[in-house]
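Colleague: need a 3D model of the sequence below.
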Amino acid sequence: MTQYDGGAVLAAIRAIQSAEGLTETLGVLSHFVEAYGFERIYLGQLVNPAALAPRERLYLSDWPEELQAERRSQMAILQDPIALCALTSRRPFRWQAAHAQATRDGQRIIDMVHNYGIIDGVMFPMHAIDHLPGGVSLGTSVSLELSPIAIQELEIVCQAAYYHLEGVFGPFPYQKLAQLTPREGECVGLAAAGKSNWEIAAILGIREDTVKKTLKRAGEKLGTVNRAHLVATAIRTGKIFP
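Modeller: As a prediction, the model looks like this:
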């Protein structure tokens, strides 16, 4: 598809919204993205697989079964440069852009996918308030040239499919993320800036013991195990500024 076709985009969105289940929804999405040259779809929430059972997260893929099994066995998502970039990106990006930032372990994950003939693709990050991040990644066995309009068309339809399926399979028990109070957010934000409890207390005009208790409550809300984990989780989930 090389020319803008608003009718096709709208028809795909309407078909997705009226789809009753996984097979029908993915069928509509697959048919739409095939017109742009894509052959494979990964659609899911970007979460640590060690933290949640498969039934507690949205994860759908038509990648080869052997590839999916290999990725699961190696917990590949933890080192996957595409998944890591999608956690912080709010805009679609080509796989190559993420590959350029890959670590040695990340390159191993890239090679794993390439070994199954999936060599190029685009990731469409999905971020919504009070929901864990996710994405729709489209793969292909050939190198593609895509116009900005094509990327926008794909993004709109991928969003429709992702949030439709999240609604069909959800609500997941972990989707509603805890909210920090203004004071908790202040303390965690200052901790993220490297301030000690004593410094935080001086800045906010409160007792150092109050800072400790406030950070402890924030950590319990976000399910973290230490100060570094609290800061990282608060940043990742958009509770504080990085």
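Colleague: export only the CA atoms of the helix or strand hosting Arg72, formatted as CSV.
Modeller: Assigned by DSSP states H and E, Arg72 belongs to helix 65-73. What follows is helix 65-73, C-alpha atoms only, in CSV (Å, rounded to 0.1, in the frame of the first residue of the first chain):
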residue,chain,number,x,y,z
GLU,A,65,6.4,-21.7,17.9
GLU,A,66,10.1,-22.8,18.1
LEU,A,67,11.2,-19.1,18.3
GLN,A,68,8.6,-18.3,21.0
ALA,A,69,9.7,-21.3,23.0
GLU,A,70,13.4,-20.3,22.7
ARG,A,71,12.6,-16.7,23.8
ARG,A,72,10.6,-17.9,26.7
SER,A,73,13.3,-20.3,27.9
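Colleague: what sits against the residue nearest the centre of the chain?
Modeller: By C-alpha atoms, centre = their mean, the chain has its centre lying nearest to Gly134, at 2.7 Å. Going by C-beta atoms under 8 Å, 6 or more residues apart in numbering, Gly134 touches 43-46, 58, 125-127, 162, 166. Using the backbone N, CA and C atoms, a C-beta is placed for each residue, glycine as well.
Colleague: could you rerun that using 7 Å?
Modeller: 44-46, 58, 126, 162 (C-beta atoms under 7 Å, 6 or more residues apart in numbering).
Colleague: then Gly139?
Modeller: 38-40, 118, 121.
Colleague: check Ala83 too.
Modeller: Ala83 touches 46, 77, counting by C-beta under 7 Å, 6+ apart.
Colleague: and what of the one 4 residues further on?
Modeller: If a contact means C-beta under 7 Å, 6+ apart, then Leu87 has 46, 133, 236 as its contacts.
Colleague: ok, back up a step: show me what the helix holding Arg72 is packed up against.
Modeller: Using 3 or more C-beta pairs under 7 Å, 6 or more residues apart in numbering; DSSP states H and E as the contact test, the elements touching helix 65-73 are helix 104-114.
Colleague: which element is Leu146 on?
Modeller: Using DSSP H and E, no helix or strand contains Leu146.
Colleague: who's in contact with it?
Modeller: With C-beta under 7 Å, 6+ apart, Leu146 has these contacts: Tyr36.
Colleague: please begin residue numbering at 46 from this point
Modeller: Will do, 46 is the new start, and the previous item becomes Leu191.
Colleague: from Lys266, how far out is it?
Modeller: 41 Å (C-beta to C-beta, to the nearest Å).
Colleague: kindly report the same for Gln204.
Modeller: In terms of C-beta to C-beta, Gln204 sits 29 Å off from Lys266.
Colleague: repeat that for Ile164.
Modeller: 42 Å.
Colleague: looking at the two, which one has more neighbours?
Modeller: Lys266 (18 against 14; other C-beta atoms under 10 Å).
Colleague: who are the contact partners of that one?
Modeller: Counted by C-beta under 7 Å, 6+ apart, Lys266 has contacts 223, 225.
Colleague: same thing but at 8 Å, please
Modeller: Contacts of Lys266 (C-beta under 8 Å, 6+ apart): 223-225, 229.
Colleague: tell me how many other residues crowd Leu67.
Modeller: Neighbours of Leu67 under the rule other C-beta under 10 Å: 13.
Colleague: hey, where'd the strands end up in the protein?
Modeller: Secondary structure of the chain, counting by DSSP state E: strands at 85-90, 104-106, 138-139, 165-171, 179-185.
Colleague: now render those strands as a markdown table, adding mean pLDDT and distance to Asp254.
Modeller: Below are those laid out as a markdown table (pLDDT from 0 to 100; distance: least, C-beta to C-beta, whole Å):
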| stretch | mean pLDDT | distance to Asp254 |
| --- | --- | --- |
| strand 85-90 | 94 | 38 |
| strand 104-106 | 89 | 43 |
| strand 138-139 | 97 | 45 |
| strand 165-171 | 97 | 40 |
| strand 179-185 | 97 | 39 |
